[in-house]
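*Asks:* return atomic coordinates for the entry below.
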Amino acid sequence: MSEEKKREDVTRDRYGFVISAEQEKINSKKEKREMKNWKSYMKKINNDFNNVQKSKTLKELIRKQGIPPEYRGEMWKSISSSNQHSNVLMSYNELLSTFEGQENVHIKQIDKDLKRTFPESEKFESAEGIAALRRVLVAYSWLNPEIGYCQSMNFITALFLLFMDEE
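*Replies:* Numbers count the residues shown, from 1 in each chain. I've put the predicted structure just below:
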């Protein structure tokens, strides 16, 4: 059987990781149940993530059910207040274009770690997913040269890329 055919025969979750068909059914039921409570919460804040306020209700919802994937990226930005930090010195695209083609001491290690990052996920098996991960990591290494790049930043960044746009 070809490698491509084998890949078609597996069940993958919404993030591209291989799971059993049984686990997919369990996940689906659980997500539907939890989504009901989150839809009620979102209705209370008029479906506007700018209206999110840290509250006992929100804490309980997150602790008991987690944040549904549909809301996760925006909710993370809202809860961390990162959506209010528009005073960043340079935009992501400006940063990429300013340092395009330049090398720094971190790029070699970043390149080594790219293929090691969630290799079983469809997103990071693709050239497009790997390229996005590399751009974010390299941009950060230029933005914060004191830290640059360190172990496991690739996994943290990849996790964010599963829920958020590259920028």
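*Asks:* got the buried residues for stretch 117-132?
*Replies:* Buried residues in stretch 117-132, counted by 16 or more other CB atoms under 10 Å: Thr117, Phe118, Ser121, Lys123, Phe124, Gly129, Ile130, Ala132. Placement of C-beta: from N, CA and C, glycine included.
*Asks:* which stretches of the protein form helices?
*Replies:* Secondary structure of the chain (DSSP state H): helices at 3-8, 21-44, 56-65, 69-80, 92-98, 107-114, 127-143, 153-163.
*Asks:* will you turn the ones you listed into TSV that also has mean pLDDT?
*Replies:* TSV is the format used below for these (pLDDT from 0 to 100):
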stretch	mean pLDDT
helix 3-8	51
helix 21-44	87
helix 56-65	90
helix 69-80	88
helix 92-98	88
helix 107-114	95
helix 127-143	94
helix 153-163	94
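*Asks:* looking at those, which is closest to Tyr15?
*Replies:* For the helices of the chain, the distance to Tyr15 is smallest for helix 153-163, at 5.1 Å, taking CB to CB.
*Asks:* returning to what we had before: nearest to Phe163 among the buried residues of stretch 117-132?
*Replies:* Using CB to CB, the buried residues of stretch 117-132 come closest to Phe163 at Lys123, 11.0 Å.
*Asks:* what's the closest non-adjacent residue to that closest one?
*Replies:* Setting aside the residues directly before and after it, Lys123 is nearest to Gly129 in space (CB to CB, 6 or more residues apart in numbering), at 4.2 Å.
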